[in-house]
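> What follows is a predicted protein model with its sequence.
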2 protein chains.
Amino acid sequence: MSDQVLSGKVLLAHGSGGYLSHELVERLFLKHFRNPVLARLDDAAVVEVSNLGLLVPGATSPGVENADLKLAFTTDSYVVSPIFFPGGDIGKLAVCGTINDLAMSGAKPLYLSAGFILEEGLAFEDLELVVASMAETARTAGVSIVTGDTKVVGYGKADKLFINTAGLGVVPSDVDIGSDKARPGDVIIVSGPIGDHGMTIMSQREGLRFRSALESDCAPLHGLVAAILGAVSSPGAGGSSPSPAAIRCLRDPTRGGLATALCEVADKSKHGIEIEDRAIPVRDEVRAACELLGLDPLYVANEGKLVAFVEPGAVDTVLTAMRGHQYGRDATVIGHVTDEHRGRVVLRTALGARRIVDMLVGEQLPRIC
Amino acid sequence: MSDQVLSGKVLLAHGSGGYLSHELVERLFLKHFRNPVLARLDDAAVVEVSNLGLLVPGATSPGVENADLKLAFTTDSYVVSPIFFPGGDIGKLAVCGTINDLAMSGAKPLYLSAGFILEEGLAFEDLELVVASMAETARTAGVSIVTGDTKVVGYGKADKLFINTAGLGVVPSDVDIGSDKARPGDVIIVSGPIGDHGMTIMSQREGLRFRSALESDCAPLHGLVAAILGAVSSPGAGGSSPSPAAIRCLRDPTRGGLATALCEVADKSKHGIEIEDRAIPVRDEVRAACELLGLDPLYVANEGKLVAFVEPGAVDTVLTAMRGHQYGRDATVIGHVTDEHRGRVVLRTALGARRIVDMLVGEQLPRIC
């Protein structure tokens, strides 16, 4: 490749989830793999699958001719270090992260795969803790790990263990959610305070201690998504009846944080996004840790939060549904979509100033997930 | 874990595909993840997926009520070293290997995911060669890479690049293939000479040179499987008409080689397997390399071969179909299933002696795939 961004060697920042990751995907992976599904670059691919029928052409089987399904399919590798941290471990993260990517397409997650790359010399005790945590997380979330693979590489050729999970879910036929669906006027809701996961990992590595303990927010969000979709699909008490189409876009702001997720939606939808600095929820201890380390919470990873882009008429319904769910209690409106500054995210500060929010450039913190 | 096999630390042999891999799966992964689909331990999981219908309970959508599909879902991580080798590279391997796991369930492969773990400092030139190779292999095979993920770890925390692919395919409704389906009398066919992939990698590492160049057999086998299933599903010229049920079991003998694949089928089906030493095809250069290095070709990995367990009445049909396909030209019968020595594989030597063939114990060659 003969350009500035992808010449030479891979940098840690190419895995940041920010600008260089974006460039790597656009200029390398999309260049070679290009197809319409991949090009949407959502958290999960949504594909239509049809029954192939019988092997003998012309034969039919009653009841299967119309077997078309909308499936969500996604993958993530997890390389977080340390592998155990307050609020979770690499196994819980690997199950929740992939469930969440499926959920952001509106899918009901059903099946996961688990691929392990183990470093020779890893203690079985640690491996069993991780595997047990994956099993417990999957059981609680109602998904099954149905296929897997294990590779072992020599000592020093990996770092303890890496886990890949891929996930499969079914998207209800009347749900159509995507980053390109956001429209001017849509209201942006975040499900709770941001930055917990990233600052927990960072504090572990830096040995920081705070008055109240920081914990990763690592959690499966498909129940919260089902609550949102259920709320907009039921006839309202006042006779108003939103529909699943009121939910335009869902994102889980992991690597690259809230800022990067919003930038991606602005880019894909070709509309502008405006958020209010004061409205963005951040825990005191996360803010303190960020100040100490010179980080901006907008760019810090979350593993149990979602951002919803909602039709204005459905905002109250969605907020009520989210606040009634354990993972959405602190849901709050942070901004809206506008037809100004298209493709850009703008932050309004408490003093009324406006600044452009860019994708993460460089690497804040490697191996956050 | 308080047993001999899984106490202490992970060994390279736990990734061999042989006995210790088997124990790791049985005693750790199945212990925690146990569910009926995973417990079958076939190359791909076959799951039934139903349309969830509309979100409002009771509502129906014409034509989707019966939308049940049999899907094949599988994953593998690839850590082969070196990443480029005669006949392929880690990218081609990652696409073919996962296509083949799907194909062994009788599925038509449709979609792949790609998860990359990159080592900081990897040359982009190498990464692009691998990505282009994946794209070309997928295009030729008619599958789409629809979702992906990239992580970067620090220099020295991985070895160049690791790739995980997961795959999704549709299993025709009248196909039911599995390791537990083999029955006494079934004839065992191998699609061509064994050991090419493993000895190619080994020769690269050891710097061995042979008169005729060794090449990996890395290839996508779903076309060969479709040819086999098509042949047994069409009415025969002589009026005989086998059915897809004539194909009991398909396996691709990768890590652990032909011996380990056969041992797994003997174990799952609870029947015995007898193979003829003389009948097993091995290229001269593979045999020579094996002798030089003290290896048994029965345990050496293949990446473009399959073993089919076929009802006796369909053997000629299957052999003809296989030999008419580019990846099955040298297909040949190597043995049969018996109700003697249940759960065991027995090899008959040229001199008429019989010896038990066990799973690979220890590690012949790490990072073969």
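Yep, it's here.
> who are the neighbours in contact with residue A:180?
Neighbour list for residue A:180: A:40, A:268, A:269 [criterion: Cβ atoms under 8 Å, 6 or more residues apart in numbering or on different chains]. Bear in mind the C-beta positions are built from the backbone N, C-alpha and C, glycine included.
> who wins for neighbours among those?
Counting neighbours by other Cβ atoms under 10 Å in any protein chain shown, residue A:269 comes out on top of the contacts of residue A:180 with 23 neighbours.
> Return the distance of the residue nearest to that one when sequence neighbours are not counted relative to chain B.
In space, and not counting its chain neighbours, residue A:269 is closest to residue A:182: 4.0 Å by Cβ to Cβ, 6 or more residues apart in numbering or on different chains. Taking Cβ to the nearest Cβ, to the nearest Å as the criterion, residue A:182 is separated from chain B by 21 Å.
> residues contacting residue A:182?
Contacts of residue A:182 by Cβ under 8 Å, 6+ apart are A:248, A:249, A:265, A:268, A:269, A:271, A:273, A:309, A:337.
> what does residue A:196 give?
Per Cβ under 8 Å, 6+ apart, neighbours of residue A:196: A:87, A:214, A:215, A:216, A:217, A:283, A:286, A:302, A:304.
> Would you report the backbone torsion angles of it?
phi -60, psi -50 (degrees, to the nearest 10).
> Now residue A:138. Its backbone dihedrals?
When quoted as degrees, to the nearest 10, the phi and psi of residue A:138 stand at phi -60, psi -40.
> Let me see the ranges of the helices in the stretch 1-150 of chain A.
Using DSSP state H, counting those that start in this stretch, the helices of the stretch 1-150 of chain A run over A:19-24, A:30-33, A:36-39, A:90-103, A:124-141.
> which strands and helices sit next to the first one?
When contacts are defined as 3 or more Cβ pairs under 8 Å, 6 or more residues apart in numbering or on different chains; DSSP states H and E, helix A:19-24 packs onto no helix or strand at all.
> So which bits of it are buried?
A:19, A:20, A:21, A:22, A:23, A:24 (16 or more other Cβ atoms under 10 Å in any protein chain shown).
> do you know how far the first one is from chain B?
When you say that, I think you mean residue A:19. Relative to chain B, residue A:19 is positioned 14 Å away (Cβ to the nearest Cβ).
> Next one: residue A:40, what pLDDT does it get?
Model confidence at residue A:40, expressed as pLDDT, equals 89.
> Revised request: answer the last question for residue A:238.
On the pLDDT scale, residue A:238 gets 52.
> residue contacts, the residue nearest the centre of chain A?
Chain A has residue A:252 as the residue nearest its centroid, 3.1 Å off, counting by Cα atoms, centre = their mean. Neighbouring residues of residue A:252 by Cβ under 8 Å, 6+ apart: A:43, A:100, A:101, A:103, A:104, A:221, A:261, A:302, A:303, A:305, A:306, A:307.
> how about the last one, phi and psi?
Dihedral pair for residue A:307: phi -110, psi 130, per degrees, to the nearest 10.
> what about it, neighbour count?
22.
> close enough to count as contact, it and residue A:261?
Yes: at 5.9 Å, residue A:307 and residue A:261 qualify as touching, with contact defined as Cβ atoms under 8 Å.
> near chain B, which residues of the stretch 201-350 of chain A show up?
Neighbours of chain B within the stretch 201-350 of chain A, by Cβ under 8 Å from any Cβ of the partner chain: A:229, A:230, A:233, A:234, A:244.
> Mind jotting down where the strands sit in chain A?
A:45-50, A:68-78, A:84-85, A:88-89, A:108-119, A:144-153, A:161-170, A:187-190, A:247-251, A:272-276, A:307-310, A:332-338, A:345-348, A:354-357 (DSSP state E).
> So which of these is the most surrounded?
strand A:161-170 (a mean of 29; mean count of other Cβ atoms under 10 Å in any protein chain shown).
> chain center to it, what's the gap?
Centroid separation for strand A:161-170 versus its chain: 13 Å, with Cα atoms, centre = their mean, to the nearest Å.
> Say whether chain B is contacted by it.
Yes: looking at strand A:161-170 against chain B by Cβ under 8 Å from any Cβ, the contacts come from A:162, A:164, A:166, A:168, A:170.
> For the residues you listed, work out which two are farthest apart.
Spatially, the most separated pair among those is A:162 and A:170, at 28.3 Å (Cβ to Cβ).
> pretty sure residue A:95 contacts residue A:109?
No: distance between residue A:95 and residue A:109: 9.6 Å, which falls outside the contact criterion (Cβ under 8 Å).
> what touches both of the two?
The contact sets of residue A:95 and residue A:109 overlap at A:141, A:143, A:220 (Cβ under 8 Å, 6+ apart).
> Please tell me which one of those residues counts the most neighbours.
Most surrounded of the shared contacts of residue A:95 and residue A:109: other Cβ under 10 Å gives residue A:220, at 26 neighbours.
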